[in-house]
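Asker: give me a model of this one.
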Amino acid sequence: MERSPDPTWSAPATADYSATYYRFVTLAAAGTYTLTGASAKADGVMSNAPAAGEQARCVWGAVHKIEAGTGGLAIGDLIYSDANGKGVHNVATAGAFFMGRCVKAATAGNIAEFTWGPGSNAG
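Answerer: You can find the predicted model right below:
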């Protein structure tokens with residue numbers, strides 16, 4: 001894993017993510033990035049589209065872009081990961097991790113913006 005001067009980390013991608021730009025990612029124990037699972041804790045957002053084994057760039061902190069999942073995202077929504085690493089809102093599962101709050105709305109499949117501020121639902 002490599003650290004750059006901005007809030008970006010890079011590590012090898014575990015699969016072909018060439019079609020998964022702006023998705024939540026999690027750093028695996030092996031030191032590689034994988035897409036974050038549904039309601040799981042993310043380490044950041046993939047800011048490039050690497051093939052398997054290529055360096056995936058992960059950004060965190062500040063304001064980020066994310067591909068909106070089913071239902072889209074509205075300003076003020078808490079943002080969670082769906083099973084494909086897309087941003088979704090209002091997950092009712094106790095203990096689900098949210099990654100931040102939406103500051104620029106988007107319909108499903110389009111790009112929203114959010115402030116990074118992870119936490120979890122009580123329960």
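
Asker: from C58, how far out is the residue nearest to A15 when sequence neighbours are not counted?
Answerer: Using Cβ to Cβ, 6 or more residues apart in numbering and skipping residues adjacent in sequence, the residue nearest A15 is A52, 5.3 Å away. Bear in mind the C-beta positions are built from the backbone N, C-alpha and C, glycine included. When Cβ to Cβ, to the nearest Å is applied, the distance between A52 and C58 equals 16 Å.

Asker: for A29, same thing?
Answerer: 16 Å.

Asker: give me the residue at the spatial middle of this protein.
Answerer: F24 (1.9 Å; Cα atoms, centre = their mean).

Asker: OK, contacts around that residue?
Answerer: Residues near F24 by Cβ atoms under 8 Å, 6 or more residues apart in numbering: 35-36, 42, 44-46, 66, 81, 85-87, 99.

Asker: out of the residues you listed, who's nearest L73?
Answerer: Proximity of the contacts of F24 to L73 (Cβ to Cβ) peaks at G87, which lies at 5.8 Å.

Asker: can you point out the buried residues in the longest strand that the chain contains?
Answerer: Counting residues, the longest strand found in the chain (DSSP state E) is strand 111-120. Buried residues in strand 111-120, counting neighbours by 16 or more other Cβ atoms under 10 Å, are found at 112-114, 116.

Asker: about what we covered before: so which of A52 and C58 has more stuff around it?
Answerer: Per other Cβ atoms under 10 Å, whichever of A52 and C58 has more neighbours is C58, with 23 against 13.

Asker: what's the domain layout of this protein?
Answerer: Following automatic domain parsing, one finds the domains of the chain at 2-59, 63-118.

Asker: let me have these in CSV, extended by mean pLDDT.
Answerer: Below are those laid out as CSV (pLDDT from 0 to 100):
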stretch, mean pLDDT
domain 2-59, 84
domain 63-118, 89
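
Asker: helix, strand, or coil at T93?
Answerer: Classification of T93 using DSSP: H, G, I helix; E, B strand; the rest coil returns coil.

Asker: I'd say it and D82 touch.
Answerer: No: distance between T93 and D82: 11.9 Å, which falls outside the contact criterion (Cβ atoms under 8 Å).

Asker: neighbour count: the two, which is higher?
Answerer: Comparing T93 with D82 by other Cβ under 10 Å, the one with more neighbours is D82, at 21 against 12.
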